[in-house]
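Asks: the amino acid sequence is not available; the structure is as follows:
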């Protein structure tokens, strides 16, 4: 095919120099038909296909692929056929012999014709200070006490200054969402006016038409308390919060590679806080300012920080006859005096569980994330055990409590001497009034004196807490006056006895 440069030269040689068509065909090694067309062309000729392309491998299954893709329009967004899945089905169900790239090429061509594939277009955005922040969760793996576990990465970023906050939680439930926000606001020293989210179920109960959402009641109460507005992305449009999406990737690759090995999440969060502080020296894109410089300016535009909102999930509960309440398959103890109550309220935080009754906290336990566990506090059962001291040997709260050797020795001696553990129960109840350190000292002194009673322990505690009263100052007898005592006269009594004849 002739190029445009050759066409111009042919026209010049033919028109100006008068060369013949035959001579030009010989000079350019072309047919005379092509040379005749050259003087009339104003642009480079292009090849046009006269017959349709035949693809003997893909053509027989094209109607099937089109049918599957058409049916996908009514399927959930995340459960539609990909090109790889189409290829797999063709191979398994229809014995397709073509490659996956052949299927991908046809699917891409089909979607372009249907205008489902559009080139990515971004609009440059600019945000006012204090106005917007973005939030997202990310999954990461860590080594916790030598065991690889999956944890959730809480990420929030202010859009003006690019200030970041990153923290890990054992899950992404609503209480973790609230606690992460409260911690982020404390770190920023204020609250952004609007925060952008995806449509997570912990915040959104139902996606309505357009930008409207029916929010979860607890989430609505939370952001109304802090006075910020919640703005939600369109479904499956995570790119609408691209800055925090990028933060999730940055945190994984820069903060958590290699996989960190820690003994607790608190240790890891301390490390992440330091990395957030170090990020302050990062340059803000398209400016000469650092994150720290812009945040100093932005901070004054944030909403004031109110007292921390309760970041707990609240659940009503019933105290059973074992003095236990149930939460997420696990049971937690409360004092036995509340057994049978049906008006308990559980406040489930990320790290602890509180049981409220009569508007007061009656029990606090470390939260268990295992299943079907019993979490006891032995003190909750001491009053009942004091009435039933023989039950202590088989009581699960007692058996599951790791007691120091000193208490175990005292327990064995009381069993040997008295046949029950009532004295031990009384000693354990002393922890409600005295520190463990002082009780152990008093217990050791009592056992040295072989006094295996609660009264003996209390006596030594009294000496420890009130040393002056328990041990009075010695009395000095120096300078005291001599006291003269006249001996009694008893012979008159002898006379009375003689007169009465009592001596006969």
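Replies: Perfect, I can see it now. The structure presented is a predicted model; accordingly, all values stated were derived computationally and were not measured.
Asks: tell me the centre residue of the protein?
Replies: Centroid-nearest residue in the chain, with C-alpha atoms, centre = their mean: residue 169, separated by 2.5 Å.
Asks: so what's that residue closest to, chain neighbours aside?
Replies: Nearest non-adjacent residue to residue 169, counting by C-beta to C-beta, 6 or more residues apart in numbering: residue 176, 4.1 Å away. Heads up, the C-betas are built off the backbone N, CA and C, glycines and all.
Asks: what pLDDT does that neighbour get?
Replies: Residue 176 is assigned a pLDDT of 96 by the prediction.
Asks: where's it, which helix or strand?
Replies: Element membership of residue 176, judged by DSSP states H and E, is helix 174-188.
Asks: where in this protein is pLDDT low?
Replies: Residues of the chain meeting the criterion pLDDT under 70: 1-8, 15, 37-50, 78, 116-122, 238, 467-483, 498-504.
Asks: show me the domain layout of it.
Replies: The record assigns the chain these domain ranges, following automatic domain parsing: 4-40, 59-113, 132-301, 313-373, 382-470.
Asks: before we move on, which element is residue 273 in?
Replies: Taking DSSP H and E as the criterion, the element that holds residue 273 is helix 265-278.
Asks: so which elements touch that helix?
Replies: Here helix 265-278 touches strand 164-169, going by 3 or more C-beta pairs under 8 Å, 6 or more residues apart in numbering; DSSP states H and E.
Asks: tell me the angle of the strand it packs on relative to helix 174-188?
Replies: Strand 164-169 runs at 150 degrees relative to helix 174-188, counting by axes from the mean of the first three to the mean of the last three C-alpha atoms, to 10 degrees.
Asks: just use 6 as the starting number from now, easier for me
Replies: Fine by me, first position is 6 from now on; the one you just mentioned is strand 169-174.
Asks: now the closest residue to residue 180 other than its chain neighbours: how far from residue 405?
Replies: With sequence-adjacent residues excluded and distances taken as C-beta to C-beta, 6+ apart, residue 180 is closest to residue 318, at 4.6 Å. Distance, residue 318 to residue 405, by C-beta to C-beta, to the nearest Å: 26 Å.
Asks: contacts for the helix holding residue 278?
Replies: 147, 149, 156, 169-175, 192, 256, 259-260, 265, 267 (C-beta atoms under 8 Å, 6 or more residues apart in numbering).
Asks: which of the residues you listed count as buried?
Replies: The neighbour count (16 or more other C-beta atoms under 10 Å) marks 147, 149, 156, 169-175, 192, 256, 260, 265, 267 as buried among the contacts of helix 270-283.
Asks: for residue 235, state which of the residues you listed is nearest.
Replies: Ranked by distance to residue 235 (C-beta to C-beta), the buried ones among the contacts of helix 270-283 are led by residue 170 at 17.3 Å.
Asks: in the sheet, who's paired with that closest one?
Replies: Taking DSSP bridges, one obtains residue 161 as the residues bridged to residue 170.
Asks: ok now do the nearest residue to residue 377 once chain neighbours are set aside, which residues does it touch?
Replies: Spatial nearest neighbour of residue 377, excluding adjacent residues (C-beta to C-beta, 6+ apart): residue 334 at 5.2 Å. Contact partners of residue 334, counting by C-beta under 8 Å, 6+ apart, are 376-378.
Asks: which one of the residues you listed sits closest to residue 361?
Replies: The closest of the contacts of residue 334, once distances to residue 361 are taken by C-beta to C-beta, is residue 378, at 21.1 Å.
Asks: what backbone torsions are found at the closest residue to the closest one other than its chain neighbours?
Replies: Nearest in space to residue 378, with sequence neighbours left out and distances taken as C-beta to C-beta, 6+ apart, is residue 335 at 4.7 Å. When read as degrees, to the nearest 10, the backbone of residue 335 gives phi -100, psi 150.
Asks: and the helix or strand following the helix holding residue 278, what's buried?
Replies: Using DSSP H and E, the helix or strand that follows helix 270-283 towards the C-terminus is helix 296-303. By 16+ other C-beta under 10 Å, the buried positions in helix 296-303 come out as 296, 298-300, 303.
Asks: can I get these in a markdown table including distance to residue 271?
Replies: Shown next, in a markdown table, are these (distance: C-beta to C-beta, whole Å):
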| residue | distance to residue 271 |
| --- | --- |
| 296 | 25 |
| 298 | 31 |
| 299 | 30 |
| 300 | 25 |
| 303 | 29 |
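Asks: residue 384: which of these is nearest?
Replies: Of those, the one sitting nearest to residue 384 (C-beta to C-beta) turns out to be residue 300, at 47.0 Å.
Asks: roughly how far does that closest one sit from residue 269?
Replies: 29 Å.
Asks: got it, and residue 230?
Replies: Separation of residue 230 from residue 269 (C-beta to C-beta): 30 Å.
Asks: more neighbours: which of those two?
Replies: Neighbours of residue 230 and residue 269, each counted by other C-beta atoms under 10 Å, are more numerous for residue 230; the result is 13 against 10.
Asks: give me the angle between whichever strand or helix holds the more buried one and helix 179-193.
Replies: For residue 230, the enclosing helix or strand under DSSP H and E is helix 222-231. Here helix 222-231 runs at an angle of 20 degrees relative to helix 179-193 (the same axes, to 10 degrees).
Asks: quick one: list the elements packing against helix 222-231.
Replies: Contacts defined by 3+ C-beta pairs under 8 Å, 6+ apart place helix 222-231 against helix 179-193, strand 234-237.
Asks: between the ones you listed, which one is nearest to residue 489?
Replies: helix 179-193 (81.9 Å).
Asks: please identify the buried residues of that closest one?
Replies: Across helix 179-193, burial judged by 16+ other C-beta under 10 Å covers 179-190, 192-193.
Asks: packing partners for that helix?
Replies: strand 152-163, strand 169-174, helix 222-231.
Asks: residues making contact with it?
Replies: Applying C-beta under 8 Å, 6+ apart, the contact partners of helix 179-193 are 140, 157, 159, 161, 163, 168, 170, 172, 174-175, 196, 205, 207-208, 221, 223-224, 227, 231, 278, 281, 304, 307, 310, 313-314, 316-318, 353-355.
Asks: following that helix, which helix or strand shows up next?
Replies: strand 199-202.
Asks: what sits up against that following strand?
Replies: Residues from elsewhere that reach strand 199-202, judged by C-beta under 8 Å, 6+ apart: 136-141, 161, 208-209, 228, 233-238, 245-246, 249.
Asks: return the set of buried residues in the next helix-or-strand element following it.
Replies: Sequence-wise, the next helix or strand downstream of strand 199-202 (DSSP H and E) is strand 209-212. Within strand 209-212, the residues that count as buried by 16+ other C-beta under 10 Å are residue 209.
Asks: sheet partners, orientation included, of strand 209-212?
Replies: According to DSSP bridges, strand 209-212 forms sheet pairs with strand 218-220 (antiparallel).
Asks: list of residues touching the partner strand?
Replies: Residues from elsewhere that reach strand 218-220 (C-beta under 8 Å, 6+ apart): 204, 208-213, 235, 237.
Asks: mind running it again at 6 Å?
Replies: By C-beta atoms under 6 Å, 6 or more residues apart in numbering, the list of residues contacting strand 218-220 from outside reads 209-211, 237.
Asks: list the pairing partners of the strand or helix carrying residue 143 within its sheet, with orientation.
Replies: Assessed by DSSP H and E, residue 143 sits inside strand 137-149. If you go by DSSP bridges, strand 137-149 pairs up with strand 152-163 (antiparallel), strand 199-202 (parallel), strand 266-267 (parallel).
Asks: would you turn the helices and strands packed on helix 179-193 into CSV with distance to residue 429?
Replies: Converted to CSV, those look like this (distance: least, C-beta to C-beta, whole Å):
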stretch, distance to residue 429
strand 152-163, 37
strand 169-174, 40
helix 222-231, 44
